[in-house]
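In: Next comes the sequence, and after it the predicted model I'd like to discuss.
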Amino acid sequence: MDHRVVVRSGIDEYLTGVKAAVEGLSPVELYRQPAPNSNHIAWSVWHMAGAENHWYDRYIEGGEPVWTAEGFRTMLKLPPIAPPAGVLANAPTNRVTVF
């Protein structure tokens, strides 16, 4: 079996789980920060999607991630490099509270 088929299957399964986890959440629930320096659910989903896109496009297809290839960073006026996992762009300490 082609490795790309396996990766695509894994991504599809992962997406199904993420959709099930956030289905029915209100905007208030999606953007609630349980602690001042923690990430909200919407940010976490965005980050996970970006990581999946990066891994797939860069390492499986050998291309540029859609995030940069299609200019989303520029359109959304975000910094050239996204903050690492667990870091809020506007958090004073740039640390996340772990529960």
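Out: Yep, that arrived. Numbering: from 1, shown residues only.

In: the strands in the chain, which residues?
Out: When assigned using DSSP state E, the chain turns out to have no strands.

In: where do the helices sit along it?
Out: 3-22, 27-30, 41-54, 66-69, 72-75 (DSSP state H).

In: among the ones you listed, which is nearest I60?
Out: Shortest separation from I60 across the helices of the chain is recorded for helix 3-22, at 5.4 Å, computed as CB to CB. Quick note: C-beta positions are derived from backbone N, CA and C, even for glycine.

In: In a markdown table: the helices of the chain, plus mean neighbour count.
Out: Output for the helices of the chain, formatted as a markdown table (neighbours: other CB atoms under 10 Å):
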| stretch | mean neighbour count |
| --- | --- |
| helix 3-22 | 12 |
| helix 27-30 | 10 |
| helix 41-54 | 16 |
| helix 66-69 | 14 |
| helix 72-75 | 11 |
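
In: Can you add distance to I60 and mean pLDDT and give the ones you listed back as a markdown table?
Out: Compiled in a markdown table, these are given as follows (distance: least, CB to CB, whole Å; pLDDT from 0 to 100):
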| stretch | distance to I60 | mean pLDDT |
| --- | --- | --- |
| helix 3-22 | 5 | 86 |
| helix 27-30 | 29 | 91 |
| helix 41-54 | 11 | 82 |
| helix 66-69 | 13 | 73 |
| helix 72-75 | 20 | 73 |
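
In: what's around E70, how many residues?
Out: By other CB atoms under 10 Å, the residues close to E70 number 11.

In: Can you give me the distance of it to E64?
Out: 9 Å (CB to CB, to the nearest Å).

In: now G50
Out: 13 Å.

In: same question, E23
Out: 31 Å.

In: Just want to know which of these two has more residues nearby.
Out: Using other CB under 10 Å, the more surrounded residue of E23 and E64 is E64, with 12 against 7.

In: ok, the more buried one touching D57?
Out: Yes. If you go by CB atoms under 8 Å, E64 and D57 touch, sitting 6.3 Å apart.

In: For Y14, give me its contacts.
Out: Residues near Y14 by CB atoms under 8 Å, 6 or more residues apart in numbering: E52.
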